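S.K.: Quick check, what structure comes out for this input:
(one chain, ligands or ions: 2)
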Amino acid sequence: MAALQTPPAKSPLAQPVTALWGVGPERAAQLARLDIRTIEDLLLHKPRRYEDRRKFLAIADLKLKEATTVRGKIVAAGVKRWRKGERALFECILDDGTARLHCRWWQAYPWMEEYYTVGREFLVFGRPESLRPRTMDHAETEPIESGEDEFIHVNRLVPIHALTDGLTARVMRTLVWRALEKFENQIVDPQVGRVTPCAPPPATERRARSDAPYHFPTRANAVHMIHFPEELTDVEIARQRLALDEFVELQIQIQQRRKNFESKSKALPCSGENNRLIKPFLMALGFKLTGAQTNVLREIRADMGSAHPMRRLLQGDVGSGKTAVAACAALMALESGFNVVLMAPTEILAEQHFSNFQKWLEPLGVKVELQTGSRKTVGDEWRVTSGGKRTPSGHATRHPSPVTLIIGTHALLTSGFDLPNLGLVIIDEQHKFGVAQREQLVRKGNYPHLLVMTATPIPRTLGLTLYGDLDVSMIDELPPGRGQVKTFVRTSDKLPKVWEFIRQRLAEGRQAYVVYPRVEENADGLKAVTKEFENLKKLLAPFHVGLLHGRLAARDKDEAMAAFRTNTARVLLATSLIEVGVDVPNATVMLIENAEAFGLAQLHQLRGRIGRGAHESYCILIADAKSAESRQRLRVLEATGDGFRIAEADLKLRGPGELLGQQQSGLPRFRFGDLTTDLDLIRKARDLAAQVVEKHVK
Ligand code: ADP
Ligand code: MG
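M.R.: Ligands and ions are numbered 1, 2, ... in the order given. You can find the predicted model right below:
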């Protein structure tokens with residue numbers, strides 16, 4: 001793999017930065033702080049911004065608060081002291097013949113007096129704080145010197161790179177320039193470049209056809225252009241070319257992994273037996289599957305009967321009915337005589353699935369077992385004795401009968417039992433797990449089928465990168481007869497009215513969730529459930545209020561959940577713990593305070609707890625007046641119930657790490673690729689990678 005894409009270790013670009021003239025141990029240490037260790041790192045150190053130094057504004061024409069570059073000669077400089085000499089600032093006055101500019105730094109360092117000397121000419125970039133006199137604070141400066149490399153610092157578009165202590169913009173720029181001079185012709189197009197020749201077309205055409213990878217500049221040209229563009233439009237073209245390389249590299253890995261997997265694995269026949277169990281299950285279910293559910297099941301059945309094990313991601317917005325689909329998939333494997341395991345991220349959800357599946361499957365003669373951190377029904381016949389020895393066929397020797405569905409949490413991964421004859425692994429709320437955990441569970445069997453489910457609508461860019469090795473099914477239709485969910489964003493001064501409204505809904509027989517971001521109060525001033533519990537009990541009396549958060553003992557959690565499910569507790573005060581999976585159709589109100597503390601996708605998940613019955617539902621988001629900006633953000637939820645639009649907005653606002661949570665650290669860091677904008681590039685990368693993998697991998 002590495003040989004296909006990344007330059008071999010002996011590539012001249014893999015040399016340490018000290019290979020450059022003028023880079024000794026001290027510079028190398030500075031660069032290392034920016035994660036720049038090799039020549040390649042330096043060449044791929046993307047500028048933070050560009051400064052147009054082809055023409056400068058006259059100091060006389062400076063406008064208040066507008067970032068501008070000017071150039072002038074220092075006519076006076078020195079330290080100013082005040083407060084009896086306690087505080088000092090450094091000031092120099094620049095003159096360009098049109099007017100004077102005062103540049104101030106609010107800390108005076110000894111080197112400044114030697115650096116900003118009268119008569120020296122400087123470029124100055126900053127925002128004027130005032131025009132009387134013209135003043136800039138903490139401007140970026142660069143001396144104009146008539147050296148041989150002068151042309152890289154002025155009279156052109158100049159890159160400003162990320163810097164670190166002791167490393168000035170000018171030095172960094174010089175180093176990048178030197179690296180380009182010495183190594184530019186060693187930058188080779190990766191594999192994809194050879195598959196699809198990328199000749200640099202003339203500049204105009206290049207710009208006009210920036211969407212076609214075949215007309216992208218070569219990688220070497222792109223690296224040059226990203227640092228020293230002729231026009232600002234070049235920067236984006238170069239970025240796209242370099243991003244494409246990154247995406248192709250990732251796609252090759254993904255597709256290669258998939259291909260290896262398919263070549264090694266032989267699927268267990270799990271497509272069921274004449275609906276022997278599914279038919280009675282559906283009869284007893286009490287509703288008809290939606291068209292979307294049925295379509296997805298058709299795809300799943302085809303997968304589970306094919307030559308390679310299924311690897312499928314099932315996406316469906318909250319409430320779209322993924323559980324019933326999972327049950328049918330499980331039944332196919334069970335009909336075929338294989339065991340099934342289902343993993344969920346929280347004990348509450350595992351318990352909920354356990355009670356549903358028991359109700360559904362035990363009448364059909366399927367055993368349903370539970371394994372969580374605090375409760376297990378799984379008997380000792382499952383214990384691994386001698387390290388889980390398996391027969392050569394890969395199946396364990398003992399077959400506890402009848403066929404069994406085991407439901408559990410992460411505890412499934414660590415507990416000592418084994419799952420013989422494992423035909424299907426289902427992972428609910430997949431985004432709460434890491435890829436490694438998913439694989440750990442899969443390895444308990446011998447290439448079992450895999451169905452992962454998520455309600456977090458994954459923006460397509462992420463779907464293609466992070467989940468690129470999975471086939472994707474969509475449930476794009478909600479079950480009929482659902483009440484609407486109305487969403488309101490309000491400030492906290494409206495709370496009295498909100499409580500009144502909630503009391504009315506409770507009086508009508510409905511139930512409500514109240515969500516705060518914290519378990520315990522801390523310095524951040526966000527509301528905490530433990531603190532507000534007493535308040536809420538008084539406020540809503542005589543209606544019974546239950547409390548649920550992650551630090552409760554498992555038994556207390558179960559009790560709280562059970563009380564709410566049976567409508568004994570009319571209100572559930574909770575943290576975002578209830579975000580995943582919880583299903584109580586009679587609950588029609590969701591009040592979330594400090595809503596600004598949550599991501600949009602998470603709020604959408606929380607909101608998915610209501611609107612599950614026929615009654616009209618209400619989601620009320622409280623965010624305070626001082627955060628006008630975050631209230632604006634929350635309006636997205638008022639405006640749409642479409643999980644995809646919300647997830648895409650969230651991705652733009654907060655980036656992929658936040659959207660997916662800590663667990664998904666599997667995502668590589670892109671230097672140039674941007675998951676919020678690069679869907680087209682990712683698609684192209686996927687196609688190009690397919691050609692490469694086709695050609696080079698057996
Ligand atoms: P999610 O996709 O969020 O996991 P669930 O599987 O929890 O959604 O389903 C939400 C609710 O919709 C459950 O109460 C479930 O019984 C119900 N449901 C699922 N499918 C249908 C259907 N086809 N018709 C009516 N109700 C359904
Ligand atoms: Mg669910």
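S.K.: Next to ligand 1 in this structure, residues from this protein, please.
M.R.: 287-290, 293, 316, 318-324, 455, 479, 583, 585, 612 (CB under 6 Å from any ligand atom). Bear in mind the C-beta positions are built from the backbone N, C-alpha and C, glycine included.
S.K.: 5 Å instead, please
M.R.: Within reach of ligand 1 by CB under 5 Å from any ligand atom, the chain has these residues: 287, 289-290, 316, 318-324, 479, 583.
S.K.: Just the buried ones among those, please.
M.R.: Buried members of these, scored by 16 or more other CB atoms under 10 Å, are Leu289, Thr290, Gly316, Val318, Gly319, Ser320, Gly321, Lys322, Thr323, Ala324, Pro479, Asp583.
S.K.: Could you identify the pair within the residues you listed that is furthest apart?
M.R.: Leu289 and Val318 (17.7 Å; CB to CB).
S.K.: per-residue pLDDT, the residue lying farthest from the centre of the chain?
M.R.: Farthest-out residue of the chain from its mean C-alpha position, per CA atoms, centre = their mean: Lys84, at 52.5 Å. For Lys84, the model assigns a pLDDT of 80.
S.K.: Equivalent analysis for the one 5 residues further on, please.
M.R.: Predicted confidence (pLDDT) for Leu89: 90.
S.K.: what about stretch 464-472, how long is it end to end?
M.R.: One end of stretch 464-472 to the other measures 10 Å (CA to CA, to the nearest Å).
S.K.: Distance from it to the middle of the chain?
M.R.: Between the centre of stretch 464-472 and the centre of its chain there are 14 Å (CA atoms, centre = their mean, to the nearest Å).
S.K.: in it, what's buried?
M.R.: Leu464, Thr465, Leu466, Tyr467, Gly468, Asp469, Leu470.
S.K.: So which of the residues you listed sit within strands?
M.R.: Of these, none are assigned to strands by DSSP state E.
S.K.: And those residues, which two are furthest apart?
M.R.: Taking CB to CB, no two of the buried residues of stretch 464-472 sit farther apart than Thr465 and Leu470, at 11.5 Å.
S.K.: still on that earlier bit, want to try JSON lines for the buried residues of stretch 464-472, with pLDDT as columns?
M.R.: Compiled in JSON lines, these are given as follows (pLDDT from 0 to 100):
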{"residue": "Leu464", "pLDDT": "76"}
{"residue": "Thr465", "pLDDT": "76"}
{"residue": "Leu466", "pLDDT": "71"}
{"residue": "Tyr467", "pLDDT": "74"}
{"residue": "Gly468", "pLDDT": "76"}
{"residue": "Asp469", "pLDDT": "78"}
{"residue": "Leu470", "pLDDT": "84"}
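S.K.: Out of these, which comes closest to Ile278?
M.R.: Among the buried residues of stretch 464-472, and counting by CB to CB, the member closest to Ile278 is Leu470, at 23.9 Å.
S.K.: quick one, what contacts the residue nearest to the closest one when sequence neighbours are not counted?
M.R.: Nearest residue to Leu470, sequence neighbours excluded (CB to CB, 6 or more residues apart in numbering): Leu313, at 4.2 Å. Listed by CB atoms under 8 Å, 6 or more residues apart in numbering, the contact partners of Leu313 are Gln430, Val452, Met453, Thr454, Gly463, Tyr467, Leu470, Asp471, Val472, Ser473.
S.K.: give me the beta-bridge partners of the third one?
M.R.: Counting by DSSP bridges, Met453 is bridged to Leu314.
S.K.: From Arg633, how far off is it?
M.R.: 28 Å (CB to CB, to the nearest Å).
S.K.: Select the longest strand from this protein.
M.R.: Under DSSP E, the chain gives strand 68-82 as its longest strand.
S.K.: Which strands border that one, and is each parallel or antiparallel?
M.R.: Short version: by DSSP bridges, strand 68-82 pairs with strand 87-95 (antiparallel), strand 121-126 (antiparallel).
S.K.: want to try TSV for those, with mean neighbour count as columns?
M.R.: Formatted as TSV, these follow (neighbours: other CB atoms under 10 Å):
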stretch	mean neighbour count
strand 87-95	19
strand 121-126	20
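S.K.: and these as JSON lines, adding distance to Ala554?
M.R.: Shown next, in JSON lines, are the strands paired with strand 68-82 (distance: least, CB to CB, whole Å):
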{"stretch": "strand 87-95", "distance to Ala554": "58"}
{"stretch": "strand 121-126", "distance to Ala554": "58"}
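S.K.: what's the closest of these to Met136?
M.R.: strand 121-126 (3.8 Å).
S.K.: if I read this right, Met343 contacts Leu412, doesn't it?
M.R.: Yes - if you go by CB atoms under 8 Å, Met343 and Leu412 touch, sitting 5.5 Å apart.
S.K.: overlap in contacts of these two?
M.R.: With CB under 8 Å, 6+ apart as the test, Met343 and Leu412 both reach Leu441.
S.K.: Give me the more crowded residue out of these two.
M.R.: Higher neighbour count among Met343 and Leu412: Met343, with 29 against 25, using other CB atoms under 10 Å.
S.K.: ok, back up a step: with respect to Lys65, which of the strands paired with strand 68-82 lies nearest?
M.R.: Of those, the one closest to Lys65 (CB to CB) turns out to be strand 121-126, at 10.3 Å.
S.K.: Return that closest one as PDB; C-alpha atoms alone will do.
M.R.: What follows is strand 121-126, C-alpha atoms only, in PDB (Å, rounded to 0.1, in the frame of the first residue of the first chain):
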ATOM      1  CA  GLU A 121      12.100  50.400   5.400                       C
ATOM      2  CA  PHE A 122       9.200  48.100   6.500                       C
ATOM      3  CA  LEU A 123       6.100  46.400   5.200                       C
ATOM      4  CA  VAL A 124       3.300  46.700   7.800                       C
ATOM      5  CA  PHE A 125       0.100  44.700   7.800                       C
ATOM      6  CA  GLY A 126      -2.700  45.400  10.300                       C
END
